[in-house]
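Novice: no sequence for this one, just the structure:
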């Protein structure tokens, strides 16, 4: 992670805004005592950012325990025009929690109650600070699970805020598809519920989806209603190398077209396989490789694997190995599990930045190939992993932050990658969000629609106190 | 359909608003000649409404042929503060196309080009006036289909605007889940695209979902990007009577929990089965009955049907008959296909009103049972069909519109039904939308969140010209 210099205390200062912050902090301390912190280390921990931009600290952190605390804090901040930065687990990647104008970080990690599980309705209601691992541990005995898995043990609130997804979105969708409703404290302190627990509704504007992906800029989400799924009877994991990138991508397309409800389908490029062979002492063929997973009844999983194997063979893939026992699956999938640290180990001492474009899958092979050419042209190291069922892939760009010239090349690479994705009818971010890091790209992606986004932000947060300086500048 | 008196010419009149309309009509006629109609019959056809409220005619109808026409018309209307009512196929049920303040109806039925089909990406781009049957006829040779089926041959634009669904939402979702992006003319004449063709994105506020279900109140949608699916290798249809309503509903819950990806699961209550036996000369057991459909490979369909049969038996259902040939499936499903006309035939000469609540499926049996009790208490005839996989059901209430007292009882029934659904954490409308007919219910359903909806409407349509008097009053 970049070790950029920390900006401390500059943000609010002694002007009118600074005095407002001090009044809010005093009121919060009176109400919540030691649950309000102005300690440097705490503030610094709440301004983490894995982007090119520098960490900017909030003036104080409130550890909220319930919706009432959040409403109180938001009302105080609204009265003094003090910025609010909602904070979950701090695992976002685009500077979402950076306090661009200081203010109060509202940490929701202590709001970690699982309010209700409704097994018959396949849904649950959780507080925003519940993490996905906590939820799945809690659910284990019910036979249900929550599938969205962004890698990090993110909070459900944060995952909702960034419209997160991960390796099994190809089957289960993203947070967009799995959040049924949210409870949120709006910028004026009003508490709203955006929906009920009905499986579908045509009632009014879709406030749920407005909040999903809003990155804390429209309100602080405090409770989330999530869809759940039955734990599959059988899970099969498999691995299959391909002669070419095109062959791997064409297999993905054909598998999805054939109606196989594949649960995960991940691509490692040859560079990533090489990195994992070195790091994890594996002996995989150093070719573009697909890792797959199938969920279902024993018979159905076998049928899916057999269909996939036949398709892969047709496109120059093989041998295809698959197993259903947990230990065997973990062994076959080790290359994927170790991918990040294997990439880091290629250039010890450097920082790693993950790109996040997503394109229509018909353009995926071409986009990845051109991206690899560009990496070579710019003399950058960047193994690739992709959630290829969605057309989403990440280049783990390894950058020596002390080498200004290399930093500049990496930034150029990132800009050209986004331009390439947009030109292919794709998006600058499949699952990480805009935050501070991709605001310029958002303009390029949406054109005139950006003004509609600005109008929404101004309508809901007229004083621009909710996580200002993210998504759209107003 | 109610034969309420038509209000003609009252809406715009000779005041400033009336003069604005005349200026807009003159400009439109100069540009589009015979594609602009002020004929009474045409205006009346564009103000159809299947609600308790009376039809209100637009001052003129423009038959638009492309986004440019729509943009031109919207810009003219914006300049003169003249209301705009987008019109698709006119099959909405809650007065969505009623011109509450006169103005211009923009008929999109001639915007019926299928712009592009992307088989590898399982999506297509269509103009708003394309109907779902037209699309599926067009797609037939590609091996793909668009699953959302609301019954009527609605336009894709209208289905998007009302967040429509239908019988197979339990597997394929609703328009909410299947619209990837829209092109829309906003109230100031700006044309925006809400997304790209990437399968997922975390870029910015979710304008796509803001437009889906907006019922023409935020802009006129002119093109829609839709998800497509492979036509299943095998389709099985089946029918299964149950001893009790609870048994039928519990089977639905257990089937979904077990992970069977059931494609359709429809409930007919005993009254509806009786109606169909009489109308279609069938000899079905007059009990709560489930109609089911399974999609997949031959082996997987067989496995699904077998699992469902076992579950049904456990809950007092049977005999369960299922077949895979088209003719046999149509025969088994005839009771569902004829349900509406069979209901109408129970009381010839009456009008039929469809209610549309949706509740968590754990509450479905209770909600249907209490609703049947209420029908009896109010001495109303109302057979029930339900998309029970979603918890959504429709009572077809048969009302003699000349009998004021019966009309009043039917309205009371409808209000109590919605109150019952909301009390069970459900929604006033699963798939028909709010329109004019359910605005009061929306307030009850959303509480303080209604103010956020109003803020959105005011931000995007500050002069309230887009389908005014629908969803929220501002």
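Specialist: Yep, it's here. What you see is a predicted model; the values in this text were computed from it and never measured.
Novice: And the residue of the stretch 151-300 of chain A found nearest chain B, what's its pLDDT?
Specialist: Residue of the stretch 151-300 of chain A nearest chain B, by C-beta to the nearest C-beta: residue A:209 (3.4 Å). C-betas here are computed from N, CA, C, even on glycine. Note for residue A:209: predicted pLDDT of 98.
Novice: helix or strand for the closest residue to it other than its chain neighbours, which one?
Specialist: Take residue A:209 and drop its neighbours on the chain: the residue closest to it by C-beta to C-beta, 6 or more residues apart in numbering or on different chains is residue B:209, 3.4 Å away. Element membership of residue B:209 [criterion: DSSP states H and E] is helix B:207-211.
Novice: Check residue A:235 too.
Specialist: strand A:234-241.
Novice: Can you give the strand pairings for that strand, parallel or anti for each?
Specialist: Partner strands and pairing direction for strand A:234-241 (DSSP bridges) are strand A:289-296 (antiparallel), strand A:321-323 (antiparallel).
Novice: Report the buried residues of it.
Specialist: For strand A:234-241, the neighbour count (16 or more other C-beta atoms under 10 Å in any protein chain shown) marks A:235, A:236, A:237, A:238, A:239, A:240, A:241 as buried.
Novice: Do any residues in the next helix or strand after it lie close to chain B?
Specialist: Counting by DSSP H and E, the next helix or strand C-terminal to strand A:234-241 is helix A:245-257. Yes - Helix A:245-257 lies within reach of chain B by C-beta under 8 Å from any C-beta of the partner chain, at A:253, A:256, A:257.
Novice: Report the angle between helix A:245-257 and strand A:234-241.
Specialist: 160 degrees (axes from the mean of the first three to the mean of the last three C-alpha atoms, to 10 degrees).
Novice: Please name the nearest non-neighbouring residue to residue A:354.
Specialist: Per C-beta to C-beta, 6+ apart, closest to residue A:354 is residue A:394, 4.7 Å.
Novice: helix, strand or coil for that neighbour?
Specialist: strand (DSSP: H, G, I helix; E, B strand; the rest coil).
Novice: and the gap between it and residue A:422?
Specialist: 17 Å (C-beta to C-beta, to the nearest Å).
Novice: So between these two, which is more surrounded?
Specialist: residue A:394 (25 against 18; other C-beta atoms under 10 Å in any protein chain shown).
Novice: isn't the more buried one right up against residue A:356?
Specialist: Yes - with contacts counted by C-beta atoms under 8 Å, residue A:394 reaches residue A:356, the gap being 6.0 Å.
Novice: State which helix of chain A is the longest.
Specialist: Using DSSP state H, we find that the single longest helix of chain A is helix A:404-423.
Novice: And the contacts of whatever helix or strand comes next after that one?
Specialist: The C-terminal neighbour of helix A:404-423 among helices and strands, as given by DSSP H and E, is helix A:439-446. With contacts defined as C-beta atoms under 8 Å, 6 or more residues apart in numbering or on different chains, helix A:439-446 is touched by A:418-419, A:422, A:427-429, A:434, A:450, A:453, A:470-473, B:192-193, B:196, B:203-204.
Novice: Around chain B, which positions in the stretch 201-350 of chain A sit nearby?
Specialist: A:201-207, A:209-210, A:212-214, A:218, A:229-230, A:232-233, A:253, A:256-259, A:261, A:296-297, A:299-300, A:303.
Novice: If burial is judged by neighbour count, which of those pass?
Specialist: A:201-207, A:209-210, A:212-214, A:218, A:229-230, A:232, A:253, A:256-259, A:261, A:296-297, A:300, A:303.
Novice: about what we covered before: is the residue nearest to residue A:354 in a bridge, and if so with what?
Specialist: Beta-bridge partners, per DSSP bridges, of residue A:394: residue A:385.
Novice: tell me the contacts of it?
Specialist: Neighbouring residues of residue A:394 by C-beta under 8 Å, 6+ apart: A:354, A:355, A:356, A:384, A:385, A:386.
Novice: show me where the stretch 251-400 of chain A has strands.
Specialist: With DSSP state E, counting those that start in this stretch, the ranges of strands along the stretch 251-400 of chain A come out as A:264-268, A:289-296, A:321-323, A:351-354, A:384-387, A:392-399.
Novice: ok, now which ones touch the closest residue to chain B within the stretch 1-150 of chain A?
Specialist: Going by C-beta to the nearest C-beta, chain B is nearest to residue A:120 of the stretch 1-150 of chain A, at 3.8 Å. Residues counted as contacts of residue A:120 (C-beta under 8 Å, 6+ apart) are B:253, B:257, B:360, B:361, B:362.
Novice: redo that, cut-off 10 Å
Specialist: By C-beta atoms under 10 Å, 6 or more residues apart in numbering or on different chains, the contact set of residue A:120 is B:249, B:250, B:252, B:253, B:254, B:256, B:257, B:360, B:361, B:362, B:363, B:364.
Novice: Check what pLDDT it gets.
Specialist: Taking residue A:120 on its own, its pLDDT is 96.
Novice: And for residue A:377, the neighbour number?
Specialist: With neighbours defined by other C-beta under 10 Å, the count for residue A:377 comes to 11.
Novice: now swap in residue A:345 and tell me
Specialist: 15.
Novice: Same question for residue A:40.
Specialist: Neighbour tally, residue A:40, other C-beta under 10 Å: 12.
Novice: Got the confidence number for it?
Specialist: For residue A:40, pLDDT reads 96.
Novice: now swap in residue A:329 and tell me
Specialist: 97.
Novice: which residue packs closest to it, ignoring adjacent ones?
Specialist: residue A:237 (3.4 Å).
Novice: Which parts of the stretch 1-150 of chain A are helices?
Specialist: Here the stretch 1-150 of chain A has its helices, by DSSP state H, counting those that start in this stretch, at A:16-32, A:40-45, A:67-80, A:132-139.
Novice: could you dump those helices to a markdown table with distance to residue B:111?
Specialist: A markdown table is the format used below for the helices of the stretch 1-150 of chain A (distance: least, C-beta to C-beta, whole Å):
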| stretch | distance to residue B:111 |
| --- | --- |
| helix A:16-32 | 51 |
| helix A:40-45 | 54 |
| helix A:67-80 | 44 |
| helix A:132-139 | 43 |
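Novice: most tightly surrounded among these?
Specialist: helix A:67-80 (a mean of 20; mean count of other C-beta atoms under 10 Å in any protein chain shown).
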